[in-house]
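Asks: Just need the structure, nothing else, for what follows:
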Amino acid sequence: MRALLITLFVFYNIVASAQLQFDTSLTPINTIKNYLTTANSGIFINAVTYIGAKQSFAGFNDPSKYAVINSGIALSTGNIYDAIGPNNQQNSGVRTFGPSDEDLAFLGKNNSYDAAVIIIDFIPIADTLSFDYFFASEEYPEYVNNGVNDVFAFIIKKEGEIAGKNLAVFANANVPISVDNINSIKNNHLYIPNSTWSYNNVKRFENNKAAGERSLQYQFDGFTKLLNTETAVIPGERYQLKIGISDIGDAYYDSGVFLKAGSFSARGIRPTGVDFLKLLSENVKWELPPTFHLKSANSYGFSLKINYDTDQYALRSDMRPSLNQLVELMNADNRLLLNIIGHTDNQATPEYNLTLSRNRAETIYNYLISNGVHPNRLSFKGKGQSEPMYANTSETFRKENRRVEFVLQLGD
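Replies: Prediction:
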């Protein structure tokens, strides 16, 4: 008996020294890049937006032996640090006074509270998007089928689409994964209960150290097993993935969703012409502008915040940061080719505006050359007033039309 107690004491002290850890110090985009993707993920992250309480979204590390996931990102309906065990409460939870979310309210068929939502704007370079995750909740087991079914979703949509598709569902069925749909009775092959921890009764974990470790590591009363989702995507197109979780029906009893580090990836077929996105993601600390879009099988177009004063083509000082980023982009690989296209508003004759737009493009061309980009990799032209972004009905719109656009290609 004494030997058994010593063994258990040593085991649980080792687990306690390797406790679940959360990191809320990074920006949303760096949290995603550092914890969810790798250089080989086949994903080009454009932008990341987080909506919710700061303490509800984090990167995490779980170094314990029997962890479902050892590291990744986590979102909670409460304070994510409250997920740290031991599991010594049956009703742990706090209000974050976070927002409601219409998508999650619809899926949960009740009011949404304390939502935490991360939106990832990305471009895949292969045709199958995939990631791994698990769900955990304090609503297990006593609040199953009691109208407070905390819910989460992975909603993906391609740029230009109005409605998205929820990926947090059972395969071949439009049934969301939730407390009510995975528990000790329903789909119990996917459910892991979490025992209550007591330092006075560690002997009961003698033959199930995995259960003892979970009880010591996590406050949540139950988990799903490791789950995977995947969906077809079009390589090179721009998508948004909305990862969201919310209290449903009440504002307490926390739940969380955990995504596995490095599992957010695009795999499968990689068409010719999109591989240079992988090159950029690995070599350039450059956030794609919101206008970045696929133009053809092997070229991308984008605009930068380079807007000219009326009847002017000289560079302003506020243009230089964007242009310096463009120099960095072009220096990532000498196969990158760039076409520079100038535009104007309609406040002069079409002939005059065509010349002015060409001068604007040539100014950028000369700036890039003066900063080390070889002229053989650059071209420029003007389109005058022929392709406005907005109707030229106000100075605000005319300013947006006085711009330069870029088309990026990967040459031989």
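
Asks: and the host helix or strand of F397, what does it pack onto?
Replies: Using DSSP states H and E, F397 maps to helix 395-401. Contact here means 3 or more C-beta pairs under 8 Å, 6 or more residues apart in numbering; DSSP states H and E; on that basis helix 395-401 packs against no helix or strand. No exception for glycine: its C-beta is placed from N, CA and C like everyone else's.

Asks: Can you point out the buried residues in that helix?
Replies: Neighbour-count burial for helix 395-401 flags R398, E400, N401 (criterion: 16 or more other C-beta atoms under 10 Å).

Asks: what ranges do the strands span in the stretch 301-412 of the chain?
Replies: Using DSSP state E, counting those that start in this stretch, the strands found in the stretch 301-412 of the chain span residues 336-342, 378-382, 403-410.

Asks: Extract the C-alpha trace of stretch 45-53 and format it as PDB.
Replies: The C-alpha trace of stretch 45-53 is given here as PDB (Å, rounded to 0.1, in the frame of the first residue of the first chain):
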ATOM      1  CA  ILE A  45      -3.000  33.800 -43.900                       C
ATOM      2  CA  ASN A  46      -4.200  37.200 -45.100                       C
ATOM      3  CA  ALA A  47      -5.800  38.600 -41.900                       C
ATOM      4  CA  VAL A  48      -7.300  37.500 -38.600                       C
ATOM      5  CA  THR A  49     -10.100  39.200 -36.700                       C
ATOM      6  CA  TYR A  50     -11.100  38.300 -33.200                       C
ATOM      7  CA  ILE A  51     -14.500  39.200 -31.700                       C
ATOM      8  CA  GLY A  52     -15.000  38.600 -27.900                       C
ATOM      9  CA  ALA A  53     -13.400  39.000 -24.600                       C
END
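
Asks: Return the set of buried residues in that stretch.
Replies: Neighbour counts over stretch 45-53 (16+ other C-beta under 10 Å) mark I45, N46, A47, V48, Y50, I51, G52, A53 as buried.

Asks: can you redo the residues you listed as a markdown table with distance to I120 and secondary structure?
Replies: Listed next are these as a markdown table, based on distance: C-beta to C-beta, whole Å; DSSP: H, G, I helix; E, B strand; the rest coil:
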| residue | distance to I120 | secondary structure |
| --- | --- | --- |
| I45 | 7 | strand |
| N46 | 8 | strand |
| A47 | 8 | strand |
| V48 | 5 | strand |
| Y50 | 10 | strand |
| I51 | 12 | strand |
| G52 | 14 | coil |
| A53 | 19 | coil |
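
Asks: For the helix or strand hosting A153, which residues meet the burial criterion?
Replies: Taking DSSP H and E as the definition, A153 sits inside strand 151-158. Across strand 151-158, burial judged by 16+ other C-beta under 10 Å covers V151, F152, A153, F154, I155, I156.

Asks: what sits up against the following helix or strand past it?
Replies: Counting by DSSP H and E, the element after strand 151-158 in chain order, helix or strand, is strand 165-166. The contact list for strand 165-166 (C-beta atoms under 8 Å, 6 or more residues apart in numbering) reads D103, L107, A153, F154, I155, I156, K157, P176, T231.

Asks: export those residues to JSON lines and tack on pLDDT and distance to A58?
Replies: Listed next are the contacts of strand 165-166 as JSON lines, based on pLDDT from 0 to 100; distance: C-beta to C-beta, whole Å:
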{"residue": "D103", "pLDDT": "90", "distance to A58": "22"}
{"residue": "L107", "pLDDT": "84", "distance to A58": "23"}
{"residue": "A153", "pLDDT": "94", "distance to A58": "19"}
{"residue": "F154", "pLDDT": "96", "distance to A58": "18"}
{"residue": "I155", "pLDDT": "96", "distance to A58": "21"}
{"residue": "I156", "pLDDT": "96", "distance to A58": "22"}
{"residue": "K157", "pLDDT": "95", "distance to A58": "25"}
{"residue": "P176", "pLDDT": "85", "distance to A58": "24"}
{"residue": "T231", "pLDDT": "95", "distance to A58": "26"}
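
Asks: nearest to E351, of these?
Replies: Comparing the contacts of strand 165-166 against E351 with C-beta to C-beta places K157 closest, at 43.1 Å.

Asks: hey, C-alpha coordinates of stretch 317-324 in PDB?
Replies: Below are the C-alpha coordinates for stretch 317-324, written out as PDB (Å, rounded to 0.1, in the frame of the first residue of the first chain):
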ATOM      1  CA  SER A 317       5.700  60.300 -47.800                       C
ATOM      2  CA  ASP A 318       2.700  58.300 -46.500                       C
ATOM      3  CA  MET A 319       3.000  56.000 -49.500                       C
ATOM      4  CA  ARG A 320       6.600  54.800 -48.700                       C
ATOM      5  CA  PRO A 321       5.800  52.200 -46.000                       C
ATOM      6  CA  SER A 322       3.500  50.300 -48.400                       C
ATOM      7  CA  LEU A 323       6.100  50.600 -51.200                       C
ATOM      8  CA  ASN A 324       8.900  49.400 -48.900                       C
END
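
Asks: how about that stretch: buried residues?
Replies: For stretch 317-324, the neighbour count (16+ other C-beta under 10 Å) marks M319, L323 as buried.

Asks: coming back round to it: tell me which of the strands of the stretch 301-412 of the chain lies nearest to T77.
Replies: Proximity to T77 (C-beta to C-beta) singles out strand 403-410 among the strands of the stretch 301-412 of the chain, at 41.1 Å.

Asks: Mind giving me the packing neighbours of the closest one?
Replies: Using 3+ C-beta pairs under 8 Å, 6+ apart, strand 403-410 is in contact with helix 275-283, strand 299-307, strand 336-342, helix 350-370.
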